[in-house]
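Asks: what would the 3D arrangement of this be:
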Amino acid sequence: MPRFVDHRRRSLLQNVQAVLVVSSEGLKTVDEFSREVISNVIIKAISYSTEIVGKKFELFAFIEVDDRRNTKTCHVYLCEKGAKGQALDICNAVCTAFEKAVEEAKARAGNPLLPMGKIRETVTGPLAEVEIPRKELIAVKAIGAGQFGKVFLATSSSDPTVQRAVKMLRSGASNGDRTEFLREAETMLNLGTHANIVSFQGAAVKQRPWLVVLEYCQYGDLSDVLKALGRRKIALTLREQMGIAEQLATGMAYVASKGFVHMDLAVSPPSNSRPTSYRRGASAVPPVPPLSSGGHAPCTHVRAAGVALRRANRGVGGFLGISGISGCRPGTYCSARTV
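Replies: Model (predicted):
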């Protein structure tokens, strides 16, 4: 299996072997042992791919172009020893995937949100009440790839100024992925609305591909934005850092009040505000037992907050950390300290 080369530190990540999953949706890098997704790049964002062959090694590399953040990132992979021609095979697979993506777009008249076939499924439960007609969604471009498939920026056919993010379930999804996709949509619906939570707008699950429509966050994930700022040597002020931490905590407190714990926090600036206002993503939010008296967030929730803040810290300088996690009992907040 190829090994992932971290372009930020310019050094090989020791003992981390990666599996590359190439499809018409994009190129996903997965840790071979933990199965954690290291990166996920949509196929149209790949502007160039190549092989680099030396006497004792082969490298596969590609360039990712992010139009929203105006950045270009080079991803490099060290191929297995003895696997001659592996880098070239990966390059060919990327080219084939790109051609397939173009064919799929043409088959749907340039709008990937249109239904595949005429088969309609019966929808029951809470999602039946928030079904959105597909004809109202017009795909503008793919803006990312998630656990279940591509994410598109879409506008409304009745009002082109209204922008939404549309998550699409890939055509080859497993039964487990389909179940989890619907469960996540129902969870976001049950969470309701909050100033620091990405809002659920509706779903289209009567026909394939299934769609979940969310509030569009113009600048994407805050962690990626901060990394881009770091590369440009732009540092956040302490006030800005504290503002992000406060909004993240406010979003968590709301989620906790609804009886949920989020294990993978992500923060995104909404499209209709300045980049100093942030909202929390709410993907894969598992339900938990009732909170302890006092309504505080459980220890697991605080641990997730610490991870989110430390992720945001990469490449930008000091940030807030969470202390006392090991000695914190469930149902209480841990104290914060600057690091």
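
Asks: which SS class is Ser39?
Replies: At Ser39, secondary structure determined by DSSP: H, G, I helix; E, B strand; the rest coil is strand.

Asks: I'd guessed it sits against His75; true?
Replies: Yes: when contacts are counted by C-beta atoms under 8 Å, Ser39 is listed as touching His75 (6.8 Å). C-beta coordinates here come from the backbone N, C-alpha and C atoms, glycine included.

Asks: pLDDT below threshold where in the stretch 151-300 of the chain?
Replies: Scanning the stretch 151-300 of the chain for pLDDT under 70 picks out 172, 262-300.

Asks: would you list every one of the helices in it?
Replies: Assigned by DSSP state H, counting those that start in this stretch, the helices in the stretch 151-300 of the chain fall at 175-191, 222-231, 238-257, 299-313.

Asks: any chance of these in JSON lines, with mean neighbour count and distance to Pro209 too?
Replies: Output for the helices of the stretch 151-300 of the chain, formatted as JSON lines (neighbours: other C-beta atoms under 10 Å; distance: least, C-beta to C-beta, whole Å):
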{"stretch": "helix 175-191", "mean neighbour count": "17", "distance to Pro209": "10"}
{"stretch": "helix 222-231", "mean neighbour count": "20", "distance to Pro209": "25"}
{"stretch": "helix 238-257", "mean neighbour count": "18", "distance to Pro209": "28"}
{"stretch": "helix 299-313", "mean neighbour count": "20", "distance to Pro209": "30"}
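
Asks: could you export those as CSV, including distance to Arg134?
Replies: Formatted as CSV, these follow (distance: least, C-beta to C-beta, whole Å):
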stretch, distance to Arg134
helix 175-191, 15
helix 222-231, 29
helix 238-257, 30
helix 299-313, 34
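
Asks: for Glu104, see how far away the closest residue to Lys135 other than its chain neighbours is.
Replies: Leaving aside its sequence neighbours, Lys135 sits nearest to Ser157 (C-beta to C-beta, 6 or more residues apart in numbering; 6.3 Å). Distance, Ser157 to Glu104, using C-beta to C-beta, to the nearest Å: 21 Å.

Asks: domain map for the chain?
Replies: Using automatic domain parsing, the domains assigned to the chain come out as 3-107, 126-215, 229-338.

Asks: which of those domains sits closest to Ser223?
Replies: domain 229-338 (4.8 Å; C-beta to C-beta).

Asks: am I right that Arg43 is in contact with Glu25?
Replies: Careful, residue 43 is Ile and not Arg. Yes: contact between Ile43 and Glu25 holds when scored by C-beta under 8 Å: they sit 6.5 Å apart.

Asks: who's more crowded, the two?
Replies: Using other C-beta atoms under 10 Å, the more surrounded residue of Ile43 and Glu25 is Glu25, with 26 against 21.

Asks: list the contacts for that one?
Replies: When contacts are counted by C-beta atoms under 8 Å, 6 or more residues apart in numbering, Glu25 touches Ile42, Ile43, Ala101, Ala145, Gly149, Lys150, Arg170.
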